[in-house]
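> got a predicted structure plus its sequence, pasted below:
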Amino acid sequence: MNVGDRVRLLTGREQGIITRLLSDELVEVAIDNDFTIPVLRREVVVIAADEQKAFGTSSQGPVAPRDVAKAAKAAKSAKAAQPKVPQPGAAPTQSKAEQPAPPKATVAQPAPKGLYLALSHQSPELLSVHVINNTDTDVLFTYGEERREQYRGLTSDKLGPKAVSAALGHFHLKDFDQWPALVVQLLPHQVNGNTAYELITKRTQFRAGSFYTSRREAPVLKQDAYLFQLDEKPAAPVAIAPDKLAETLKAQLSGNAPAKPAAVAPAPEPAKAIVAPPHEVDLHLEALQPEGAETLSNTAILKLQIEAFEDALSRALATNMHEIVFIHGSGSGTLRKEIHKLLSRNKDIKFFEDSRKEKFGYGATLVRLK
């Protein structure tokens, strides 16, 4: 009995997955709705493949493993003992050489192109975390963990097309309920390409029910792993057509509603084009013109200015600008210090310096981009 085994409770018909081995006599089982309960080992039985063959999917109540083995052996013996009586009108029995070859097994469809987070077994209890780039473009990525709403960045790297990262972290299955949320940011790009891609941010918090059913062969890695797509976008909800809304509501109230409401697919949204920021970006509050500016605290104003700075800088990098000037004013110097601290951590910055003292004094910073 191991972590990940699917089991049935002997005291009922509930099924679940073992998520932790609590002791020599106690295991933790996640029922299908992700509700976990501690159960004595003697009160659960592993659901074996032979059980389906011997009893079918409609078997009632738990079946002990020894009974499964007996039933399977008996079925096999009974089949072997049956005389082979030819049916009336049946074709003559063919020799082995004349018999047609059995149909080939169906090959599993490969995973579609995309970006994936994969957790693969290094041992029965230990998993390693990888980012997989199953696309035709390069991808820049960062990886971090979030515990109790506190984020910690751990690594960043670049992946070429059809590549997999080194192990980014390791987790024990016995500590499943203590795993952090994994946060991955990805930015596809092509050298000399004519497309600017949007940053993808994916936060993954694992749950027992969906985690253990996600196991499949990972692309590029070419081995079984718990696989989660990072660039998958949820389908847009279907909207009820305005001219059919009153009719649909009336039918629902009268009890004569159709099986599916009349609907129209939403018009496809045009691709978002990234617009380059101006060469000089003014971060003063009066230039940003936020709603309710007069009620904002100093902390809220600083946060607003930093967000405007980061947005302009990211658009400047995405559109291949060579330089940009941020006008932050002199004042107490708090905003200037925060901006310089962020710039010093950015690997895409050649250098930065006070810009044109004769025009701005010490109230602006010139940033040269790689």
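Noted; the coordinates are in hand.
> the closest residue to Leu159 other than its chain neighbours: how many residues sit nearby?
Leaving aside its sequence neighbours, Leu159 sits nearest to Asn133 (C-beta to C-beta, 6 or more residues apart in numbering; 4.1 Å). Yep, even glycine has a C-beta here, placed from its N, CA and C like the rest. Residues contacting Asn133 under the criterion other C-beta atoms under 10 Å number 26.
> hmm, Asn133 is touching Val164, no?
Yes. Under the criterion of C-beta atoms under 8 Å, Asn133 makes contact with Val164 at 7.4 Å.
> so what sits against both of those two?
Val220 (C-beta atoms under 8 Å, 6 or more residues apart in numbering).
> and the residue nearest to Leu159, helix, strand or coil?
strand (DSSP: H, G, I helix; E, B strand; the rest coil).
> and the pLDDT at it?
Among the per-residue scores, Asn133 holds a pLDDT of 94.
> also the one 10 residues further on?
According to the predicted model, the pLDDT of Tyr143 comes to 95.
> could you do Lys158 as well?
Value for Lys158, per-residue pLDDT: 94.
> what's opposite the residue nearest to Leu159 in the beta bridge?
Beta bridges link Asn133 to Leu115, Ala163 when assigned by DSSP bridges.
> and it, how far from Gln185?
14 Å (C-beta to C-beta, to the nearest Å).
> all helices for the protein, in order.
49-55, 65-81, 208-212, 242-254, 285-288, 298-318, 334-344, 357-360 (DSSP state H).
> which of those has the lowest mean pLDDT?
Taking the mean pLDDT of the helices of the chain, helix 65-81 comes last: a mean of 48.
> low-confidence ranges, the protein, go.
For the chain, residues meeting the criterion pLDDT under 70 lie at 1, 3-4, 32-36, 48-110, 233-273, 356-362.
> one more time with 50, if that's ok
33, 52, 56-72, 75, 78-79, 81-82, 85-108, 234-238, 260-263 (pLDDT under 50).
> domain assignment for it?
6-76, 114-229, 235-267, 280-369 (automatic domain parsing).
> pipe those domains into TSV and attach distance to Ile274 per row.
Supplementary listing: the domains of the chain in TSV, determined by distance: least, C-beta to C-beta, whole Å:
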stretch	distance to Ile274
domain 6-76	39
domain 114-229	5
domain 235-267	22
domain 280-369	5
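> for Ala166, give me the backbone phi and psi.
phi -70, psi 170 (degrees, to the nearest 10).
> give the full set of residues in contact with it.
Contacts of Ala166 by C-beta under 8 Å, 6+ apart are His130.
> repeat that for 10 Å
128, 130-131, 155, 157 (C-beta atoms under 10 Å, 6 or more residues apart in numbering).
> what's the answer for Arg6, then?
Counting by C-beta under 10 Å, 6+ apart, Arg6 has contacts 15-18, 29, 46-48, 212-213.
> recalculate using a threshold of 8 Å.
So Arg6 contacts 15-17, 46-47 (C-beta under 8 Å, 6+ apart).
> report the buried members of those.
When these are checked for burial by 16 or more other C-beta atoms under 10 Å, the buried set is 16-17, 47.
> quick check, nearest of those to Asp175?
Set against Asp175, the nearest of those by C-beta to C-beta is Ile17 (15.8 Å).
> isn't that closest one up against Ile37?
No. The pair Ile17 / Ile37 is not scored as a contact, 11.8 Å apart, by C-beta under 8 Å.
> please report how far the spatially closest residue to Phe211 that is not a sequence neighbour lies from Ile306.
Leaving aside its sequence neighbours, Phe211 sits nearest to Tyr226 (C-beta to C-beta, 6+ apart; 6.0 Å). According to C-beta to C-beta, Tyr226 and Ile306 sit 37 Å apart.
> also Thr142?
19 Å.
> cool, and Lys222?
For Lys222, the distance to Ile306 - C-beta to C-beta - is 43 Å.
> of these two, which one has the most company?
In this view Lys222 and Ile306 are compared by other C-beta under 10 Å, and Ile306 has more residues nearby, 15 against 9.
> can you pull the contacts of the more buried one?
Neighbours of Ile306 in contact, by C-beta under 8 Å, 6+ apart: 335, 338-339, 342.
> picking that back up, distance to Gly114 for the buried ones among the contacts of Arg6 - can I get that in TSV?
Output for those, formatted as TSV (distance: C-beta to C-beta, whole Å):
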residue	distance to Gly114
Gly16	30
Ile17	26
Ile47	32
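> among the residues you listed, name the ones in strands.
Taking DSSP state E, the ones among those that sit in strands are 16-17.
> ok, so of the contacts of Arg6, who is nearest Arg315?
Distances from Arg315 to those, taken by C-beta to C-beta, are shortest for Ile17, at 45.4 Å.
> and the strands in the stretch 51-200 of the chain?
114-121, 126-134, 138-147, 150-159, 163-164, 169-172, 181-189, 200-204 (DSSP state E, counting those that start in this stretch).
> which strands or helices does the third one pack on?
Just to be clear, that refers to strand 138-147. strand 126-134, strand 150-159, strand 181-189 (3 or more C-beta pairs under 8 Å, 6 or more residues apart in numbering; DSSP states H and E).
> using a markdown table, please lay out the ones you listed together with distance to Ala196.
Listed next are the helices and strands packed on strand 138-147 as a markdown table, based on distance: least, C-beta to C-beta, whole Å:
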| stretch | distance to Ala196 |
| --- | --- |
| strand 126-134 | 18 |
| strand 150-159 | 17 |
| strand 181-189 | 8 |
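> looking at the ones you listed, which is buried most?
strand 126-134 (a mean of 21; mean count of other C-beta atoms under 10 Å).
> run through who's touching it.
111-122, 139, 141, 143, 159-173, 182, 184, 186, 218-221, 225-226, 230.
> swap the cut-off to 6 Å and go again
Contact with strand 126-134 is made by 113-114, 116, 118-120, 122, 139, 141, 159, 163-165, 167-172, 219-220, as judged by C-beta atoms under 6 Å, 6 or more residues apart in numbering.
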